[in-house]
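Trainee: Got a sequence here, can you build the structure:
(one chain, ligands or ions: 1)
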Amino acid sequence: MEFKNELARATFAPQRLASFCVCCGSEDLAASPAILMPFVADRAFGWRPVIIDDSWGLKTIQNGNAYSICKTLRCRRCGHLFCDIRFSDEEMNSIYSGYREEAYVSLRECYEPGYRERNNRLSQSITYKGDIEEFLSAFVKDPLTILDWGGDTGANTPFEKRRVSLDIFDISGKAVEGNARVVTREQATSSKYRLIVCAQILEHIPYPSDVLRLVREAMDKESVLYIEVPYEEVMRNGMENKENKKRHWHEHVNFYSQSSMDALLENCGFDILKRNELVTDVAGSEVHILQVACRLA
Ligand SMILES: [Zn+2]
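Mentor: Residues are numbered from 1 along each chain as shown. Below is the predicted model:
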């Protein structure tokens, strides 16, 4: 399948530092300075924050804290807000292998005191599976075979009673629950599924079109793709020049707007069936989520 426009180069020439929008391909980007949070810099690159003092002997540098810097980019065409650093496959593996397991949690607790307690709350299953099932009910067909792309253990995958099979592809390498089956990328893309779930994934992915291109291979005309991403506060408010508000980046390297998600899906050859902004509760906090159902165009 050919991508429609300039986004095609994301597939063929991924950049270390993005110079175009990863949703619509535009080069019309606003920029502001930001930092890469130390936990992510440490996991991805082994870079730790330092305090520069006189012992460093630097003549033209002022003393003080040094963090890994980056840029916040905002696409003037579709509104996508993103970090300019785009992690390689190896760096993604460094960040996400053993995701939220002990080594991950203890390092993160070091940088972000209180994380361990928060992680315990986040480890509960989501409470809005019923909302996802209702959102998708008009589109999914039996027998319901599901591929959960980035599905972790499968604990949050919808349609537990209705589905006849559940395959999970995930780079975290965790064991999965119940009757779910772990599949490789090759196994996933050589099968066809009635429903593909891609929930809380695309905000982490350097080039989301890469994932969508692979997901397409597991779809036919009966297939529905369900996507959900956080709908962050800075994206929901009417503020202009959002790049001046977003001064740090963590694991979520993409903040989607309604129109950047639409642009991404259109450019990757999908027709949108339905979209929704879900307001729900996760680990005791109110969150807003963008939900989209789509099929092959
Ligand atoms: Zn864009």
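
Trainee: and Ala41, how many residues sit next to it?
Mentor: 21 (other CB atoms under 10 Å). (Glycine included, C-beta is placed from N, CA and C.)

Trainee: which SS state does it fall under?
Mentor: When the structure is reduced to helix, strand and coil (DSSP: H, G, I helix; E, B strand; the rest coil), Ala41 reads as helix.

Trainee: The residue nearest in space to the middle of the chain - nearest residue in space that isn't next to it in sequence?
Mentor: Residue closest to the mean C-alpha point of the chain, counted by CA atoms, centre = their mean, is Glu203 at 2.4 Å. Of all residues not flanking Glu203 in the chain, His252 sits nearest, at 4.2 Å (CB to CB, 6 or more residues apart in numbering).

Trainee: Work out the gap between stretch 103-112 and the centre of the chain.
Mentor: Distance, stretch centre to chain centre, for stretch 103-112: 20 Å (CA atoms, centre = their mean, to the nearest Å).

Trainee: no wait, stretch 90-109
Mentor: Counting by CA atoms, centre = their mean, stretch 90-109 is centred 15 Å from the centre of its parent chain.

Trainee: my guess is Asp271 contacts Arg295, does it?
Mentor: Yes: counting by CB atoms under 8 Å, Asp271 touches Arg295, with 5.6 Å between them.

Trainee: Mind checking which of these two has more residues around it?
Mentor: Set Asp271 next to Arg295 and count neighbours by other CB under 10 Å: Arg295 wins out with 16 against 11.

Trainee: Touching whichever helix or strand that one is part of from outside, list them.
Mentor: In the assignment (DSSP states H and E), Arg295 maps to strand 285-296. Residues from elsewhere that reach strand 285-296 (CB atoms under 8 Å, 6 or more residues apart in numbering): 128, 132, 135-136, 139, 216, 219-221, 223-233, 236, 256, 258, 261, 265, 269-281.

Trainee: same deal with stretch 133-149?
Mentor: Under the criterion CB under 8 Å, 6+ apart, residues 154, 157-159, 162-170, 180, 183, 188, 191-199, 201, 211, 215, 218, 222, 224, 226, 273-274, 276, 278, 291, 293, 295 lie in contact with stretch 133-149.

Trainee: returning to that earlier point: drop anything exposed from the contacts of strand 285-296.
Mentor: By neighbour count, with 16 or more other CB atoms under 10 Å, the contacts of strand 285-296 hold 128, 132, 135-136, 139, 216, 219, 223-232, 256, 258, 261, 265, 269-270, 272, 275 as buried.

Trainee: circling back to that earlier point, any idea how far the residue nearest to Glu203 is from Pro33?
Mentor: Between His252 and Pro33 the computed distance is 18 Å (CB to CB, to the nearest Å).

Trainee: Now that we have the contacts of stretch 133-149, which of them are buried?
Mentor: Neighbour counting with 16+ other CB under 10 Å marks 154, 157-159, 163, 166-170, 180, 183, 188, 193-199, 201, 211, 215, 218, 224, 226, 291, 293, 295 as buried within the contacts of stretch 133-149.

Trainee: Of the residues you listed, which belong to strands?
Mentor: Per DSSP state E, strands hold the following members of the buried ones among the contacts of stretch 133-149: 166-169, 195-199, 224, 226, 291, 293, 295.

Trainee: Now do the helices in this protein.
Mentor: Assigned helices in the chain, in chain order: 8-12, 38-45, 89-96, 102-111, 115-122, 129-136, 185-189, 208-217, 233-236, 258-267 (criterion: DSSP state H).
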